[in-house]
Structure formats: structure tokens, C-alpha cells
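*Asks:* My questions are about this predicted structure, shown below with the sequence.
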Amino acid sequence: MESYLHQNFEVKPKGSSEEVLQRWRKLCSVVKNPKRRFRFTANLSKRVEAAAMRRTNHEKLRIAVLVSKAAIQFIQGVPPSEYTVPKEVKAAGFEICADELFSIVDGHDLRKLNYHGGVNGISEKLSTSISDGLTTDCNLLRRRQEIYGINKFAESKARSFWVFIWEALQDMTLMILGVCAVVSLIVGIAVEGWPKGAHDGLGIVASILLVVFVTATSDYRQSLQFRDLDKEKKKISIQVTRNGYRQKMSIYDLLPGDIVHLAIGDQVPADGLFVSGFSVLIDESSLTGESEPVMISTDNPFLLSGTKLQDGSCKMIVTTVGMRTQWGKLIATLSEGGDDETPLQVKLNGVATIIGKVGLFFSVVTFAVLVNGLLTRKWLEGTHWYWSGGEALELLEYFAVAVTIVVVAVPEGLPLAVTLSLAFAMKKMMGDKALVRHLAACETMGSATSICSDKTGTLTTNHMTVVKSCICMNVKEVRKSAESLSLCSEIPDSARKLLLQSIFNNTGAEVVINKGGKREILGTPTEIAILEFGLSLGGDFQAERQASKVVKVEPFNSVKKQMGVVLELPDGGIRAHCKGASEIVLAACDKVINSNGEVVPLDVALVNQLNVTIDQFAGEALRTLCLAYMELENGFSPDDPIPVAGYTCIGIVGIKDPVRPGVKESVATCRSAGITVRMVTGDNINTAKAIARECGILTDDGIAIEGPKFREKKLEELNELIPKIQVMARSSPLDKHMLVKHLKTTFNEVVAVTGDGTNDAPALHEADIGLAMGIAGTEVAKESADVIILDDNFSTIVTVAKWGRSVYINIQKFVQFQLTVNVVALIVNFSSACLTGNAPLTAVQLLWVNMIMDTLGALALATEPPTDELMKRPPVGRKGNFISNVMWRNILGQSFYQFVIIWSLQAKGKSLFGLEGPDSDLTLNTLIFNSFVFCQIFNEISSRDMEEIDVFKGILDNYVFVGVITCTVVFQFIIVEYLGTFANTTPLTFTQWVFSIGIGLLGMLAAAALKMIPV
């Protein structure tokens, strides 16, 4: 079976080709209810539609750019066509309508933009301010919404409970049974009269309605859970200026006229126009499929919703929102395409198909044997040409039994149990600060063998402060404000001015006044720490920024590991500032400011002194940054690159970022679970090693290596080196990607990778499970990830691994339980039909058994919460068989026990209980039915753990399991004692009840004995 499944029902956790997804669908030949079975699979036709839309967008943009370039030549000579402001727009206080704004940005129409007065003209016509943004007057915002719309996208309407009822009724076998029930009602009433003749038909109808109601309720609850998770996935915040204050705001609250601040890695939240910024590169692939980045500037100011900032930072004015944008139309189609089906969903569809074919065969043979028995009896009696109503009903009952065998035999619930378990786990994981974006990640994480983790913010708290500095060759602690003031008095005035100029101008952060009138620093934790250091030295952020004019900015880049800015000074001079990884920036310096504030050549002795300082800071687990500057010649152009050498070192700062509480214990948990944790960081190797030792990642036999050395290694060296690598420092995104690829391909590991930056996207995409940081992570990183760690905490990653293992094990438990019921129900009814000419389990009884093993079984076993014991087992890895030898042992052993018991009851039951008279057959069949059901109830309890004998541990913690078992027992009692007329049962004696329960309990003991057999 495993080889057949591997060949035909194997998909990747992500990125499977359309051909593979189509192939397994075609092989699913025995499907009772396609609407339900394939509900949580990708809609491939909608994906084709979305791809076509991307191609159209790409062509439209290409033509628009060509037309706008051509139009530039005629802008001066050709008068623009007149634009008339619609009355309702003018009445609302605006001078431009939504359609005109859309045509300008979507058509990249520079001619129209210039006609309206450029970006400043558009802002005036939208009644907004480039510097202060929109005013937050409620009436004005409401009028703006009425004219321009809101920034929300069309969503598929939530399906009501009745839709799920209707879909559950689409089950082909239930429809056939419904027809049988109607015929049974008609024939029964005609032959036996009302109400006696209606009992069998009404029993089947009631069973069908019960199955439909329970199935629809379960499916409806799942849909609500997925809807809640979708809402969480769509929560995106952005920096906006309103009323003159910078603030974080949901992208869905944006309106035309809003001033939005974008940084590297952000998603453009609406169509808009570039106001100001530096080095802005836009990735439009999500909208157009074009991978080549587009440079945005005043010459090409058009920003499209859904595209992403690949580099740079800028300020934009929003022009078009929501469904008016191309992204809004595309996202509506993309959402209908759905998620890829998970590997387990596909694999269990394969299992259901195989067993379904076997069940169909047994069903046909059972029906043929039963009909043959009836025809043989009539032939011997000589009545084969004459059929009474009772015999017609008997034939109908045989057909209903055969159909019901298909109902029981086709385990439609297997793939749906995966979805149920994943939905349950994803909902619970939200409470544990992990947002699962793709279903497959939840189950794949359970197989993870390796985690490549960032250091900053994941293993550490990301609350950074400058605690040591080496300014003008003077090393000093600056933990307290008094120490900062002391440093300030010791630094020469000229050096202090250079330091503050460097800190406040060469930064991606800002010091703003928030709504409460208090000072607030917006930016990354590293930038915030350095700005706080500058403020503690008595610096004034706004005054420093206004004193110089920014000529060029190169934002921080994880490849270069530095950032730079070029300033035009008040006296007309040009100065460049550089900040970044200490050893890299120091290598670009040839001069240094000494303790007297003089610029002196950087000789070998001074270089060694500074390197010792860097190593000393790094050895104390401090993150080190070097600040440097250089004077440039007048005439520097923004198109010129910022120099890479010839700098003067101002100083080095040491930033403390403490290790998160609980990380050491989480790393130890991973080790005991067979998961290797590696630290991959851009920091100094000594800092990385110090933190790694503190976390328990770096051991005596492990290796710490720098990215540049790693990428120089040959393949043979890498194969020997990679298993020993525990720390990679000064790594680039390419190094991380290379490490992940080798671990996956060469060492066949299941790899989870954390990332937060834009450049981490390739590694996140390459990994089996991409984990993006929810706080520090950019939108680009989150889009590429499978799971978002909402609190950026490594301990949460371990929780995700635990839930992943729980999902995998829970589904295995359910499969073991359901296959046991399948096997026994098939063999019992088939063998009984062949040997005795009748089936002991009727259609109504089989429908009840099907509900126990399908919907109720999935609810009970697929929602077991994870235990700490799961993290003491080795990972499944990439090649583990889903239906393991342990499962086959339990399935076959339990099936054999149940079959022997049921067959013994059928053969010797009457003599054992002294059953005589006309009702003896009914009583025996009721006893068989009751014993069979209690065997399943106790087998369900035994299935809570496939290897441990103690299956009661923590049972009361799972209220769903206890509830399902309790309801099953209560309903079984009601069916046997009070619904005999409809369910073909008769009340049992106390002894017979004790016997039935004892048989089930004995099955539990048999399961415990089986677990002692090694496999």
C-alpha cells in the first residue's frame, strides 16, 4: 500500500505542480460525496484564472510605461483634455474623482498627473497635506469613504449551516439509501399497513438525517475556525501620518489622501504616488508575475497595491483603495483558488480510494450472495415466479445492507479528519502565539529534524540598549544616564558633533511626537538603541536632521551589512556617514579620531586595539556596530555610489540584547526530540558563539563558522562540515539558503527556518517550514512564510513542533481506529452473508457504526491536545511510513479479536444465552450489534496511545473525547432499549448488557497485550 500511495498520492508540503495535483484527483474513483471530500483542496481552475489576470496586468503595465514614455515628449506641446469634476465629488469638498485617480496610477499616466499639478496638486484636490496627512474629523472621513470607498477586498460570503446540511446530503450512498427508505415505506405500508410497515423505512430516514446533521455540524464548526484564522492572517499594520502624528494603523482603515511611510519589506497597501524617499525598488511579481524590480522616483512615481518594497524607504500618498485597484480584483480570485492540499490529506484520499474499491467489491459480492440465497430458496420452494410484498422488502433490505457496507467501507472521513485535526490545532496554536498561514506547515512541522534560527529577537529579547562604547579610542560603560553624561564631557566637542550627526542622520528610525504629546522612537530595536544613546548624549534629533540636507541614502542591506548616507552640510561641504558590522566598517577605515579629537592615520597598533575592543564587546555577548564618516568632494551626484573605503572611524558601540527566558530549556527539549537547532545570524562570530553557548546551542563537538568561509567550501568539504555546524555568523541570506538546500537535498532533513527580513524570503520559501517573525518580520518575509511566530519567541517554535507532532500522531490514531472498524464490519457482514444467508448488522445499525467511526471518531481522536511525551520521541523525518508497523499490528490484532468474538456469538450465541423462540434471531443480532459497538468504544479509548498501555493518562483533560464517548454510550443504550422498532433491536437483559460491555473491555485488554509485541 505504501509504495502505491508514494507513487500516486505523494505531494510536497508546498509548491506541488498542477500536474501532480490533478493526477491524484483523477485516481479518486470511489467517492461518496465529492463536494465534501474535496472541500479543502485547491481550486485549480481559479488559479489558472489568477495567472491569466497576472499576465494581463503585466501587459497593461508594459504598454502603460511605453505610452507614458512616448507621451513625455509631447506633454509640453499638446494641450491636455479638460477634466470635469463630478458634482457629488465637488459637493463633498474634493476636486478629483476615484476613476480619474485610478486611471492616473493604473495607466502610469504622467500627462494626466502633470495636468492635475503633480503629486502636490493631487494632495490639494484630495484635501490632504503632504506633511500632516488627513485630519481625523469623523464627518470628513465618512464623506471621503462615500466618495472613494474603503480599502477592503471582496470576500466569499460566509456559508450558512444549511449549506453544509445540503452538501452532506450530496452523499451518493445516502441518496441511494434515501430512495431505498422511500420504497421501503411504500411497500411496507402497502403490505403491513401503518405504522408497522413504515418502521424500517422511517428508521433509515432517521439514521440518514442524524448522520447528515452531525456531519454538517462538524463541518460548519471547522469552517468557522478557518474563517477566524483567515481574519488573523489579514491583519497588517502600516505607519501613517494623520493630524501631523505618525501612528500605526490597519491597512484596511486607509483612505485616499492618507500619507503612508514605507520601509524595506513592506507591502504597498493601496495604489498611490511617490512623495519622497531614497533608493526605492519595487517588486511587482505578485501583481504582474514580472520578477525584475522597478525603480520608483519622481520620474516614475506610481505605486501599485500588493507590490512590495525590495529596497529603500519612501513616503507615499494613497490615491485608490480596495476593489478599485488591480490587486483588489486579483486577490478576490486568488482567495477562491484556496490552499494546496496537505500531504496527509492526499495520502489519506489514497487510502480511502483503495479501501473504497475493496469495500465496493465486498458490497457487490455480499448483495449477490444474499440475493442468490433468496432466489435458491424460492427455486426450491417453486415460487420463483411469485413474489410477495414481504419478499420484495427482504430484497430491498439486502440492497440497503449492500449500500450501507459501501457507506462503512469507504472511509470518507479519513482526509476530512486531517482537516479537522489541523483546524483544531491551528485554533489552539493561535492562543500559543503561532499563526499558521498554510495548512501543510502544521503537519510538516511534526516531522522537522532541523531548525535554523535567527539570533536577534528569536533567541534574544530584541530589547536593545547601548551599554558600552569606544568613542575616540576611549572605552566606557554607558548603562546609566550619568555614565552617558560623563562620556559626553570626555569627548572633544568636534567629535561629539560628528557622532550625533552620524547617529541622527544615518538611521532608518525617527524620533516623533505621538498623540499623547510624548517623544517616541519608531524603527528597529537596533536603531532605537542607537538613537536613545544619541539622545542620552544631549542630542536633538529634529535640529540635527534640519541642519543638513540628505543627498543620498543607502538603507541597511543584509548582504553588505552596512548602511550609508551622504549629507550636504550648512557650509556647502559634502560628507558621507557609514554604519554597520564593526569589522566590515573598520576595514573600510584608514583614519580614526583620537582622544584629543584629532584625525590620525589608522596604523596597525590602533587597528589591533580596536579589534581587541570589538572581540571584548562580542565576548560579552554584545552586538557591535562601527560608525565612520568621510569628507567628499563637491559635485557628488545622487546617482554616484557611496564610497566603500577611505573612512574615518568615529567609534564602536556595544549593544546588549539579553537571551529570552526559557530558550535554553526549549533548545534542550529540541535536542531530546531529535531536532538539531542551528543559529544562523548576521552578527559577529564571537557575539554569536557567546549567545549560542548561553542558549545551549553550541556544544563542545559543534562548529561555529562565518558565512564568507562557508560559501567558499567545496561540495566534499560541505558534506563533512554541515552536520557539525551549530552556529553560522556573518551569514548572508544566500548562505542561509545554501545551508537549507544542502540539509534538504544532501542530508534528507526536514528543515524549519526562521526569518524576518526581505532577503530571508528565498530561504523561507526553500525550507520545508518557513517561520516568519510577527513583530520584527517584514511583510515580504511573512508572505513567504508558512507560520508566523507572533511573539518572535524561540519557545513558540518548539510549541509549533509539538503541535505538529500532535496532529500527525492524532491522525495516525484515527486511521488505526477507523481501519479496524472498516475491516471488522466488512468481514463480519460478508462472511455472515456467505455462510448463513443473512447479515447480522442492518442498514440502520451500520449507519450508526459509520457515525461512531467517522465524524464522532474524528472529533474524539483528532482533537487530542499535545503532551510533553511527544517531544521525547525521534522525529518521523522525510521517509517515515504513515501507516506504521505498530499501526498494522494493532489493526490486524484488534480486527482478529473482534471478528473471532462476533463470529463466535453468531455461531454459539443462542446456546450460550439460551435463546429460543421467534425472537431469538433478533435478540442475538442485537447482542452482536451491542457487543460490536462496545468493542469500538473501548478500541477508541485504546487508540489514544498506539504504544503505551496506560491509555487513561490525561483522558479527563480532553473534554471532547470524554463527551464523544459519553454520547456514544448514551445513544447506544437508547437505540437498543427504546428504538428497537426502527433500528431492528430488542431490549437486552442486565446479563446481556454486562456481557456486551465485558467483550469490549476484554478487547481493551487484548489491545494492551498487542502493544507488548515488538515490531
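*Replies:* Noted; the coordinates are in hand. Numbers count the residues shown, from 1 in each chain.
*Asks:* What segments of the stretch 551-700 of the chain are helices?
*Replies:* Using DSSP state H, counting those that start in this stretch, the helices of the stretch 551-700 of the chain run over residues 582-587, 604-619, 663-672, 685-695.
*Asks:* ok, which stretches of the stretch 151-300 of the chain are helices?
*Replies:* For the stretch 151-300 of the chain, applying DSSP H, counting those that start in this stretch gives helices covering 161-168, 172-192, 199-233, 285-288.
*Asks:* by how many degrees do the first one and helix 172-192 diverge?
*Replies:* Meaning helix 161-168. Our comparison of helix 161-168 with helix 172-192, counting by axes from the mean of the first three to the mean of the last three CA atoms, to 10 degrees, yields an angle of 80 degrees.
*Asks:* just to revisit the earlier point, can you lay out the helices of the stretch 151-300 of the chain as TSV showing mean pLDDT and mean neighbour count?
*Replies:* Placement of C-beta: from N, CA and C, glycine included. Listed next are the helices of the stretch 151-300 of the chain as TSV, based on pLDDT from 0 to 100; neighbours: other CB atoms under 10 Å:
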stretch	mean pLDDT	mean neighbour count
helix 161-168	84	18
helix 172-192	71	19
helix 199-233	77	19
helix 285-288	74	21
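*Asks:* Between these, which one is closest to Leu395.
*Replies:* Within the helices of the stretch 151-300 of the chain, the stretch nearest Leu395 is helix 172-192; the backing value is 9.8 Å (CB to CB).
*Asks:* who touches that closest one?
*Replies:* With CB atoms under 8 Å, 6 or more residues apart in numbering as the test, helix 172-192 has contacts from 32-33, 168-169, 196-202, 204-205, 208, 211-212, 388-390, 392-393, 396-397, 399-400, 403-404, 406-407, 410, 843, 847.
*Asks:* Put the alpha carbons of it into PDB.
*Replies:* Output in PDB follows, covering the C-alpha atoms of helix 172-192 (Å, rounded to 0.1, in the frame of the first residue of the first chain):
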ATOM      1  CA  MET A 172     -24.400   9.300  -3.200                       C
ATOM      2  CA  THR A 173     -24.800   6.300  -0.900                       C
ATOM      3  CA  LEU A 174     -27.100   8.300   1.500                       C
ATOM      4  CA  MET A 175     -29.200   9.300  -1.500                       C
ATOM      5  CA  ILE A 176     -29.500   5.700  -2.600                       C
ATOM      6  CA  LEU A 177     -30.400   4.700   0.900                       C
ATOM      7  CA  GLY A 178     -33.000   7.500   0.900                       C
ATOM      8  CA  VAL A 179     -34.500   6.000  -2.200                       C
ATOM      9  CA  CYS A 180     -34.500   2.600  -0.500                       C
ATOM     10  CA  ALA A 181     -36.200   4.100   2.500                       C
ATOM     11  CA  VAL A 182     -39.000   5.700   0.400                       C
ATOM     12  CA  VAL A 183     -39.500   2.400  -1.500                       C
ATOM     13  CA  SER A 184     -39.500   0.500   1.800                       C
ATOM     14  CA  LEU A 185     -42.100   2.900   3.200                       C
ATOM     15  CA  ILE A 186     -44.400   2.500   0.200                       C
ATOM     16  CA  VAL A 187     -44.100  -1.400   0.000                       C
ATOM     17  CA  GLY A 188     -44.100  -1.800   3.800                       C
ATOM     18  CA  ILE A 189     -47.300   0.300   4.300                       C
ATOM     19  CA  ALA A 190     -48.900  -1.500   1.400                       C
ATOM     20  CA  VAL A 191     -48.100  -4.900   2.800                       C
ATOM     21  CA  GLU A 192     -48.200  -4.500   6.600                       C
END
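*Asks:* Which strands or helices does the one helix or strand Lys378 maps to pack on?
*Replies:* Assessed by DSSP states H and E, Lys378 sits inside helix 343-381. Secondary-structure packing of helix 343-381 (3 or more CB pairs under 8 Å, 6 or more residues apart in numbering; DSSP states H and E): helix 2-8, helix 18-27, helix 389-409, helix 413-431, helix 439-444, helix 794-836.
*Asks:* Enumerate the positions of that helix that are buried.
*Replies:* 343-356, 358-360, 362-363, 366-367, 369-371, 373-374 (16 or more other CB atoms under 10 Å).
*Asks:* ok, now stretch 919-939?
*Replies:* Here stretch 919-939 shows 923-939 as buried, counting by 16+ other CB under 10 Å.
*Asks:* tally of neighbours for Arg479?
*Replies:* 12 (other CB atoms under 10 Å).
*Asks:* Grab the nearest non-local neighbour of it.
*Replies:* Val467 (4.9 Å; CB to CB, 6 or more residues apart in numbering).
*Asks:* OK, contacts around that neighbour?
*Replies:* Glu477, Val478, Arg479, Leu622, Gly654, Ile655, Lys656.
*Asks:* Pretty sure the second one sits against Ser469.
*Replies:* In this case it means Val478. Yes - contact criterion CB atoms under 8 Å: Val478 and Ser469 qualify, at 5.4 Å.
*Asks:* These two: who's more crowded?
*Replies:* Comparing Val478 with Ser469 by other CB under 10 Å, the one with more neighbours is Ser469, at 26 against 23.
*Asks:* Check the gap between that one and Ile827 for me.
*Replies:* Ser469 is 79 Å from Ile827, where distance means CB to CB, to the nearest Å.
*Asks:* Touching both of Val478 and Ser469, which residues are there?
*Replies:* Leu487, Phe533.
*Asks:* Tell me who's in contact with Ala441.
*Replies:* Pro13, Lys14, Ile769, Gly770, Asp786, Val787, Gly804.
*Asks:* Which of these fall within strands?
*Replies:* Among those, the members found in strands (DSSP state E) are Ile769, Gly770, Val787.
*Asks:* Reformat the residues you listed as CSV; add neighbour count.
*Replies:* Below are the ones in strands among the contacts of Ala441 laid out as CSV (neighbours: other CB atoms under 10 Å):
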residue, neighbour count
Ile769, 30
Gly770, 29
Val787, 28
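*Asks:* For the most centrally placed residue in the chain, give me its contacts.
*Replies:* A centroid search over the chain (CA atoms, centre = their mean) returns Arg437, at 2.1 Å, as the residue closest to the centre. Arg437 makes contact with Lys233, Lys782, Ala785, Asp786, Val787, Ile788 under the criterion CB under 8 Å, 6+ apart.
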